[in-house]
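In: Fold the following for me, if possible:
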Amino acid sequence: MRFHSPSIQYFHAVRRTGSIRAAARLLNVASSAVSRQILKLEQEVGSPLFERNARGLTLTTVGEMLARHVMNVLQDLDRFRSDVASLSGAWHGTVSIACIESITESVLPDLIASHRTRARRVSFTAEIMGSSDVLEALRRGEADIGIAIALRHPPDLRQVALKRFRLGALVAREHPLARRKTVTLEQCLAFPVIQALPELSIYHLLQPLIAQLSETPEPAIQANSIDLMRELAARGVGVAFQTQLGIGRLSRDAQLVFLPLDNAGSPVWSDLGIYVRAERTLPAFTESFLQELVRELGERERRENAAYPQGA
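Out: Residues are numbered from 1 along each chain as shown. Predicted structure coming up:
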């Protein structure tokens with residue numbers, strides 16, 4: 001079904017790809033056809049919508065204004081299609097997710113697998129990125145749901161839920177720290193450390209604690225991959241820092257031990273936020289998955305709080 005002028009679709013494709021040629025490939029049309037539609041739209045609006053720079057085509061101020069309108073229109077169309085499909089008793093559509101890496105070990109696979117058994121005509125796309133990029137993907141309309149370490153978010157995004165998990169040290173089961181109930185950062189730094197690079201939120205959670213120490217040795221390894229850091233910790237290479245969300249399999253197999261971090265007698269928290277665009281009404285199948293996600297993370301938060309009560 002096509003309810004809107006081709007120029008709207010073409011504008012949306014150019015905005016997403018940043019290139020006339022890339023948009024043409026995406027739409028399977030000639031580049032000249034895209035250029036004509038963009039020119040037509042600019043004439044109707046009465047202002048340039050894109051400007052060229054080293055990164056390709058970027059939106060002008062007027063282009064940004066139009067992009068917000070176009071996103072609303074196209075997402076409302078998706079919701080309409082979903083509502084029509086639901087009249088026949090079957091959901092049909094795509095849920096797009098932008099998320100941080102830590103929830104891809106078990107949370108996301110479990111939820112998607114469960115949802116697909118009940119709604120096989122609902123497909124999923126998932127992109128892994130840093131927390132700030134998750135929020136930007138939502139703002140650009142490239143994702144329906146965002147899952148990220150809680151950050152200050154712009155007013156055009158809505159925080160659906162906030163779940164709190166303890167940040168801890170990950171060590172191999174043979175590691176000298178493995179028998180402890182909790183550890184301090186200073187105790188961890190007595191051993192080789194596997195540290196997150198600045199593009200990961202864990203880096204910024206730890207920096208205020210590191211700054212309080214009189215000595216801060218150089219990390220043995222720095223990485224921007226949650227999976228790589230936990231695998232290295234499991235092999236005894238060093239001490240890594242994460243929440244329990246991404247270590248289920250390695251913990252069950254007794255390859256990794258999670259030790260909650262203690263900071264002067266207080267836990268160190270990592271807050272996980274779930275986000276959507278503020279002004280958008282989600283299709284029924286997306287809203288259903290969103291609520292399942294909120295419940296699942298809430299249950300994991302409850303189990304962790306029971307296992308590691310505050311002050312323990």
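In: For this structure, just list every one of the strands.
Out: 50-53, 56-59, 93-99, 122-128, 145-149, 157-166, 168-172, 194-196, 221-223, 240-242, 256-260, 262-263, 266-267, 269-277 (DSSP state E).
In: Give me the buried positions along the third one.
Out: Residues of strand 93-99 classed as buried by neighbour count (16 or more other CB atoms under 10 Å): 93, 95-99. Heads up, the C-betas are built off the backbone N, CA and C, glycines and all.
In: ditto for the longest one
Out: Of the residues in strand 157-166, those buried under the neighbour-count criterion (16+ other CB under 10 Å) are 157, 160-161, 163, 165-166.
In: got it, and the first one?
Out: Going by neighbour count (16+ other CB under 10 Å), the buried part of strand 50-53 is Phe50.
In: which helices and strands does that strand pack with?
Out: Applying 3 or more CB pairs under 8 Å, 6 or more residues apart in numbering; DSSP states H and E, one finds that strand 50-53 makes contact with strand 56-59.
In: Pull the residues that contact the strand it packs on.
Out: The contact list for strand 56-59 (CB atoms under 8 Å, 6 or more residues apart in numbering) reads 14-15, 18-20, 49-51, 67.
In: quick revisit: export the strands of the chain to CSV and tack on distance to Ile38 and mean pLDDT?
Out: Formatted as CSV, the strands of the chain follow (distance: least, CB to CB, whole Å; pLDDT from 0 to 100):
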stretch, distance to Ile38, mean pLDDT
strand 50-53, 7, 88
strand 56-59, 9, 88
strand 93-99, 25, 91
strand 122-128, 26, 92
strand 145-149, 29, 94
strand 157-166, 28, 94
strand 168-172, 50, 95
strand 194-196, 41, 95
strand 221-223, 41, 96
strand 240-242, 45, 94
strand 256-260, 52, 93
strand 262-263, 53, 90
strand 266-267, 53, 90
strand 269-277, 24, 94
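In: Could you measure from Ala126 over to Pro109?
Out: Relative to Pro109, Ala126 is positioned 10 Å away (CB to CB, to the nearest Å).
In: So which residues of the protein form helices?
Out: 6-17, 20-27, 31-45, 61-86, 107-118, 131-139, 185-188, 201-211, 226-234, 248-252, 284-307 (DSSP state H).
In: Report the mean per-residue pLDDT for the longest one.
Out: Along helix 61-86, the predicted confidence averages to a pLDDT of 77.
In: Between strand 93-99 and that helix, find me the angle.
Out: In terms of direction (axes from the mean of the first three to the mean of the last three CA atoms, to 10 degrees), helix 61-86 departs from strand 93-99 by 130 degrees.
In: I'd like to know which elements helix 61-86 is packed against.
Out: Contact analysis of helix 61-86 by 3+ CB pairs under 8 Å, 6+ apart lists helix 6-17, helix 31-45, strand 93-99, helix 284-307 as its packing neighbours.
In: of all these, which lies closest to Ala113?
Out: helix 284-307 (11.5 Å; CB to CB).
In: got the CA positions of that closest one in CSV?
Out: Below are the C-alpha coordinates for helix 284-307, written out as CSV (Å, rounded to 0.1, in the frame of the first residue of the first chain):
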residue,chain,number,x,y,z
ALA,A,284,0.0,-3.4,18.8
PHE,A,285,2.6,-6.1,18.2
THR,A,286,5.4,-3.7,19.0
GLU,A,287,3.7,-2.5,22.2
SER,A,288,3.2,-6.2,23.2
PHE,A,289,6.9,-6.9,22.8
LEU,A,290,7.7,-3.7,24.7
GLN,A,291,5.6,-4.8,27.7
GLU,A,292,7.2,-8.3,27.6
LEU,A,293,10.6,-6.6,27.7
VAL,A,294,9.7,-4.4,30.6
ARG,A,295,8.4,-7.4,32.6
GLU,A,296,11.4,-9.6,31.8
LEU,A,297,14.0,-6.9,32.9
GLY,A,298,11.9,-6.3,36.0
GLU,A,299,12.0,-10.0,36.9
ARG,A,300,15.7,-10.1,36.4
GLU,A,301,16.1,-7.0,38.5
ARG,A,302,14.0,-8.6,41.2
ARG,A,303,16.0,-11.9,41.2
GLU,A,304,19.3,-10.0,41.4
ASN,A,305,18.1,-7.8,44.3
ALA,A,306,17.1,-11.0,46.1
ALA,A,307,20.6,-12.6,45.4
